[in-house]
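Colleague: sequence first, then the predicted structure:
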Amino acid sequence: MTAAYTQCMRERRTARNQDPHQFMDSSRGERLQRVMADAGLASRRECEALILAGEVVVNGHLVNTLPAWVDPTTDDIRVGGTRLKPTEQHVYIVLFKPRGVVCTNSDPEGRPRAIDLIKHPLNTRLYCVGRLDLDSSGLLFLTNDGELANRLTHPRYEVHKGYEVVLGGSIDGDDLKSLEEGIYLPEREGAGSRTSRSELRLLKRDREKTTIYMELREGRNRQIRRMMQRVGHPVKKLRRVKFGPIQLKGLAVGEWRELMSAELRTLRRAAGLLPARPGHAPAASEKRTASSSRDSGKSAPIKATVHGAKAKGAGIELGAGARILAGAKERAIPKSAPLTRGAKATSTRSRSRTEDRAKTRHS
C-alpha cells in the first residue's frame with residue numbers, strides 16, 4: 001500500500017511539474033504540508049494530497065506541486081478557499097522539576113517557578129501541563145499549544161501518568177488492592193467520589209517504607225497523597241516518571257529539553273490528535289524481556305529503545321542478528337528435501353530390481 005501511494009505521488013508530481021510556482025526556494029521558511037499539518041488541518045500525508053489535488057492557494061497563486069516552502073507568519077495560505085489561521089510557533093518542553101518549585105505562572109508568595117528554569121531562545125510564554133505540587137518532583141511538560149495541553153490533562157482522553165511513590169510503613173496487600181480498584185475521596189465543594197481504577201505495582205517493601213509504581217488516568221488535586229493518607233500510609237517521596245508515552249530519562253534534576261519530533265507524534269497520537277497507526281502495537285516490542293529470550297533458548301534478547309533513552313543505530317539492537325538471518329535463509333532454501341516413507345520404499349524396490357537385472361546378465 002505504501003509503495004503504491006509513493007508511486008502515485010511521484011507520477012502526479014511529474015505530471016504537474018510543467019506548472020512551476022514561486023515557492024520552490026527552501027530559504028522561504030517551512031514546507032507547506034508541515035505548516036498545514038501543524039495548524040491541525042490534517043496529517044502531513046493528507047496535506048500533501050490536498051496540495052497535489054490543487055486545493056491550496058498561497059498569496060493568490062495556485063500551489064499544486066511539491067516541494068513548496070512558505071512563511072506561516074506572513075503568507076496568505078488558503079485551503080479550499082478558507083484561509084489557514086496563522087499560528088505562533090509551538091514549543092514543547094519536558095522538564096525534570098525539582099522539589100520546592102511551583103507549577104504556576106503567577107505566585108504571590110514569590111516561590112521559584114518551573115517556567116523560570118526554562119531559558120528558551122524564542123522567549124515564548126509557556127504553561128505547565130499536568131501540575132506537580134510543591135513537594136513533588138519529576139516529569140513536567142510546558143508548552144504554548146493549548147489544544148494539546150487540554151487533551152493531555154482532561155480525564156476524557158485518559159492519557160495516563162506514572163509515578164514512583166515512597167510510602168511510610170509496610171503496606172499490606174488489601175490496601176494495595178483498594179488503591180488499585182479506587183477509593184472514595186471527599187471534596188471541599190460538593191459530594192466526593194470514588195477514584196477511577198489505576199495500575200499499581202509493588203517495587204520494594206520493608207518495615208520502614210514501601211515503594212510502589214502507580215499509574216493514573218485522572219488528575220485530581222493532590223490525588224495520590226490524599227489516597228495514601230486514607231489508607232494510613234503517608235507519602236514520603238513522590239516523583240512522576242511517565243506522562244503518556246514519554247518517560248523521564250536522560251535529564252538531571254532541574255534540566256530541560258525540547259521534545260523530539262518522533263516523541264511529539266506519539267504524544268499527539270496518545271492524546272487523540274493523530275489517528276492510530278493501523279496494526280501498530282507499540283507495547284509488543286517493549287514486552288520482549290530477558291526471561292522470554294531464556295525460554296526460547298539461545299538467542300540474545302531483542303532490546304527496543306524507549307522515548308528519552310539514547311538511541312543506538314536505528315533504535316533497535318539485535319544481539320543475535322547473524323544467527324537469525326542464517327536461520328531464515330536455511331528455512332527459505334533447504335539443502336535437500338527429506339524422502340517420505342513411500343518415496344524411500346520406492347527407491348529401495350528400484351535399487352533391488354536394478355541389482356537383479358545385473359545378476360541375470362552376468363549369469
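Modeller: Good, I have the coordinates.

Colleague: where's the closest residue to residue 257 other than its chain neighbours relative to residue 258, distance?
Modeller: Leaving out its chain neighbours, the residue that sits closest to residue 257 by Cβ to Cβ, 6 or more residues apart in numbering is residue 94, at 6.1 Å. The way it works is simple: take the backbone N, C-alpha and C, and place the C-beta from them, glycine included. Distance of residue 94 to residue 258, computed by Cβ to Cβ, to the nearest Å: 8 Å.

Colleague: between these two, which is the more surrounded one?
Modeller: residue 94 (27 against 12; other Cβ atoms under 10 Å).

Colleague: Three-state assignment for that one, please.
Modeller: strand (DSSP: H, G, I helix; E, B strand; the rest coil).

Colleague: ok, it to residue 157 distance?
Modeller: Residue 94 is 19 Å from residue 157, by Cβ to Cβ.

Colleague: got it, and residue 111?
Modeller: On the measure of Cβ to Cβ, residue 111 and residue 157 end up 30 Å apart.

Colleague: now name the helix or strand holding the nearest residue to residue 44 once chain neighbours are set aside.
Modeller: Spatial nearest neighbour of residue 44, excluding adjacent residues (Cβ to Cβ, 6+ apart): residue 37 at 4.4 Å. Following DSSP states H and E, the helix or strand that holds residue 37 is helix 32-38.

Colleague: just the residues contacting that helix, thanks.
Modeller: With Cβ atoms under 8 Å, 6 or more residues apart in numbering as the test, helix 32-38 has contacts from 23, 29, 42-44, 47-48, 50-51, 56, 58, 63, 66-70, 72, 77, 79, 84, 87, 90.

Colleague: apply 7 Å and report the result again.
Modeller: Applying Cβ atoms under 7 Å, 6 or more residues apart in numbering, the contact partners of helix 32-38 are 43-44, 47-48, 51, 56, 63, 68-70, 72, 77, 79, 84.

Colleague: stretch 40-47 now?
Modeller: For stretch 40-47, using Cβ under 7 Å, 6+ apart, the contacting residues are 33-34, 36-37, 79, 84, 147, 274.

Colleague: hmm, which two among the residues you listed are most spread apart?
Modeller: 33 and 147 (19.5 Å; Cβ to Cβ).

Colleague: before we move on, the earlier item: can I get the contacts of stretch 40-47 in TSV with neighbour count, distance to residue 198 and pLDDT?
Modeller: As requested, the contacts of stretch 40-47 are exported to TSV (neighbours: other Cβ atoms under 10 Å; distance: Cβ to Cβ, whole Å; pLDDT from 0 to 100):
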residue	neighbour count	distance to residue 198	pLDDT
33	25	40	90
34	16	37	83
36	24	38	88
37	18	34	81
79	17	42	92
84	21	41	87
147	13	26	84
274	17	26	81
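
Colleague: as CSV, those residues with distance to residue 107 would be great.
Modeller: As requested, the contacts of stretch 40-47 are exported to CSV (distance: Cβ to Cβ, whole Å):
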residue, distance to residue 107
33, 41
34, 37
36, 39
37, 36
79, 42
84, 37
147, 26
274, 35
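
Colleague: nearest to residue 140 among those residues?
Modeller: Closest to residue 140 out of the contacts of stretch 40-47 is residue 147 (18.7 Å), distances taken as Cβ to Cβ.

Colleague: confirm that the closest one sits in a strand.
Modeller: No - under three-state DSSP, residue 147 sits outside any strand and is assigned helix.

Colleague: state the distance from it to residue 205.
Modeller: For residue 147 relative to residue 205 (Cβ to Cβ), the value is 42 Å.

Colleague: swap in residue 63?
Modeller: 63 Å.

Colleague: contacts only, for the residue nearest to residue 257.
Modeller: Applying Cβ under 7 Å, 6+ apart to residue 94 gives the contacts 139, 141, 246, 256-257, 259.

Colleague: again, only this time at 8 Å
Modeller: Contacts of residue 94 (Cβ under 8 Å, 6+ apart): 139-141, 246, 251, 256-259, 308.

Colleague: and if you look at residue 112?
Modeller: 100-102.

Colleague: now tabulate the residues you listed in CSV and tack on secondary structure.
Modeller: Output for the contacts of residue 112, formatted as CSV (three-state DSSP):
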residue, secondary structure
100, coil
101, coil
102, strand
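
Colleague: out of those residues, which end up buried?
Modeller: Neighbour counting by 16 or more other Cβ atoms under 10 Å classes 101-102 among the contacts of residue 112 as buried.

Colleague: TSV for the contacts of residue 112, including pLDDT and distance to residue 118?
Modeller: Converted to TSV, the contacts of residue 112 look like this (pLDDT from 0 to 100; distance: Cβ to Cβ, whole Å):
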residue	pLDDT	distance to residue 118
100	96	17
101	96	11
102	96	14
